[in-house]
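Take a look and give me a structure for this.
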Amino acid sequence: MIALNQIIVFIIVAIVIFVVAATGIKIVRPWQKGLVERMGKYQRTVDSGLTIIVPFLEKMTKVDMREQVVDVPPQGVITKDNVVVEVDAVIYYMVTDPVQVAYNVANYYMAVTKLAQTNLRNLVGDLALDETLTSRELINAKLRDILDSATDKWGTKVTRVELQRIEPPKDVTEAMHRQMKAERERRAMILEAEGHKKSAILKAEGDAEAIMKVAEAEKFKRLTVAKGEAEAIQTVFDAIHAGRPTNDLIAIKYLEALQKIADGQATKVFLPYEATGILGSIAGIGELLKEKLSPGKNEKQT
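Numbers count the residues shown, from 1 in each chain. Below is the predicted model of the structure:
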């Protein structure tokens, strides 16, 4: 009987020792820090791994050091131009000091949520609706700086703030859609008008270039003909002077020229002074002149 009692006592003692030993053995995960308190007073911070504490005298609190996400609930915010918009955001933070986050703030999640809502109302309230819709990055940066500065004493760092949704009232949204549609139609009309304008300009430039080419071709043709006639005249002149023709031959050439002139509408004919002497030396020059020139239409001036 005594031996049985001893065995029962031994088993009870072993169980107590095992429970006490299990209570004093703590395992800290790689992303955690352990805060050890002895009789309610902060004692030390332990890293990941196996840690032994004094049972019943020491207590360990584990702090998650990973980046956390806080979802800021949607709230109505009045913009600078008195439009109520619903805004919600997401806050990313990570613990930098486990001691401060454990002892300086009671409920970090609620504290940072309320702080974000308050400052979000202030930031959006200083902007008009159009500015709010187009300044997401600006609002994100300002809100992150404010939260990071305010939560520094809590042992945390706000790494990123993102606005999830900025939703204006339904009637304002419809008006914005109509405005966007009108703006797109205006741009389309401007582009179409610019296309017609450029087409007309190109057509006018093409017509002008064609006229210029035709004029240059006509000019080249006339210059070529004139150059050919000049060369022919020069050739005849050189041949006449080279052969030393008599005055009769020269007079005949003048008469042939007068015949061509008489076929036109000229009322006056101017002859070189030298030609008068040549024509006067030929017998019957007056009769030839009467035949070549019609009375009342040509007039001889010297």
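
just the strands in the chain please.
25-28, 32-38, 41-46, 49-52, 58-64, 68-78, 84-95, 156-167, 269-270, 300-301 (DSSP state E).

Out of these, flag the one nearest Y103.
Distance to Y103, taken as C-beta to C-beta, is lowest for strand 41-46 among the strands of the chain, at 7.3 Å. Backbone N, C-alpha and C define where each C-beta goes, glycine included.

How is the protein divided into domains?
2-63, 68-168, 171-242, 245-301 (automatic domain parsing).

worst average pLDDT in these?
For those, mean pLDDT drops lowest on domain 245-301, to a mean of 51.

got the buried residues for stretch 76-87?
Within stretch 76-87, the residues scored as buried using 16 or more other C-beta atoms under 10 Å are V77, T79, V85, V87.

So in this protein, which helix runs the longest?
Criterion DSSP state H: the longest helix present in the chain is helix 170-243.

Let me know the angle separating that helix from strand 84-95.
Relative orientation of helix 170-243 and strand 84-95, computed by axes from the mean of the first three to the mean of the last three C-alpha atoms, to 10 degrees: 90 degrees.

Which neighbouring elements make contact with helix 170-243?
helix 247-262 (3 or more C-beta pairs under 8 Å, 6 or more residues apart in numbering; DSSP states H and E).

hmm, try it at 10 Å
For helix 170-243, the elements it packs on are helix 129-134, helix 247-262, judged by 3 or more C-beta pairs under 10 Å, 6 or more residues apart in numbering; DSSP states H and E.

which residues make contact with the first one from outside it?
Contacts made with helix 129-134 from outside it, assessed by C-beta atoms under 10 Å, 6 or more residues apart in numbering, are listed as 77, 79-85, 87, 123-128, 138-139, 163, 166, 168-169, 172, 176.

6 Å instead, please
T79, D81, V83, V124, I166 (C-beta atoms under 6 Å, 6 or more residues apart in numbering).

Would you format those residues as a markdown table with distance to I146 included?
What follows is these, written out as a markdown table (distance: C-beta to C-beta, whole Å):
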| residue | distance to I146 |
| --- | --- |
| T79 | 19 |
| D81 | 23 |
| V83 | 23 |
| V124 | 13 |
| I166 | 18 |
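
of these, closest to K153?
Among the contacts of helix 129-134, and counting by C-beta to C-beta, the member closest to K153 is V124, at 25.8 Å.

I figured the closest one hits G76, correct?
No: using C-beta atoms under 6 Å, V124 makes no contact with G76, being 10.2 Å away.

on that earlier part again, which of the contacts of helix 129-134 sit farthest apart?
The most distant members of these, if one measures by C-beta to C-beta, are D81 and I166, lying 14.1 Å apart.

hang on, the earlier thing: kindly reformat the buried residues of stretch 76-87 as a markdown table containing distance to A182.
Output for those, formatted as a markdown table (distance: C-beta to C-beta, whole Å):
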| residue | distance to A182 |
| --- | --- |
| V77 | 28 |
| T79 | 23 |
| V85 | 22 |
| V87 | 27 |
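
So what pairs up with I27 in the strands?
L50 (DSSP bridges).

Distance-wise, check I52 relative to M65.
22 Å (C-beta to C-beta, to the nearest Å).

Could you do L133 as well?
In this view, L133 and M65 are 37 Å apart by C-beta to C-beta.

now V85
36 Å.

Could you pull up the residues touching the closest residue to T156 other than its chain neighbours?
Of all residues not flanking T156 in the chain, Y93 sits nearest, at 5.0 Å (C-beta to C-beta, 6 or more residues apart in numbering). By C-beta under 6 Å, 6+ apart, the contact list for Y93 reads Q68, T156, V158.

Which strand residues bridge Y93?
With DSSP bridges as the rule, Y93 is bridged to Q68, V158.

tell me which of the contacts of helix 129-134 is nearest to S149?
Distances from S149 to the contacts of helix 129-134, taken by C-beta to C-beta, are shortest for V124, at 19.0 Å.

Return the distance of the closest one relative to D81.
11 Å.

So K62 sits against P30, correct?
No: between K62 and P30 there is no contact under C-beta under 6 Å: 11.8 Å.

who's more crowded, those two?
K62 (17 against 9; other C-beta atoms under 10 Å).
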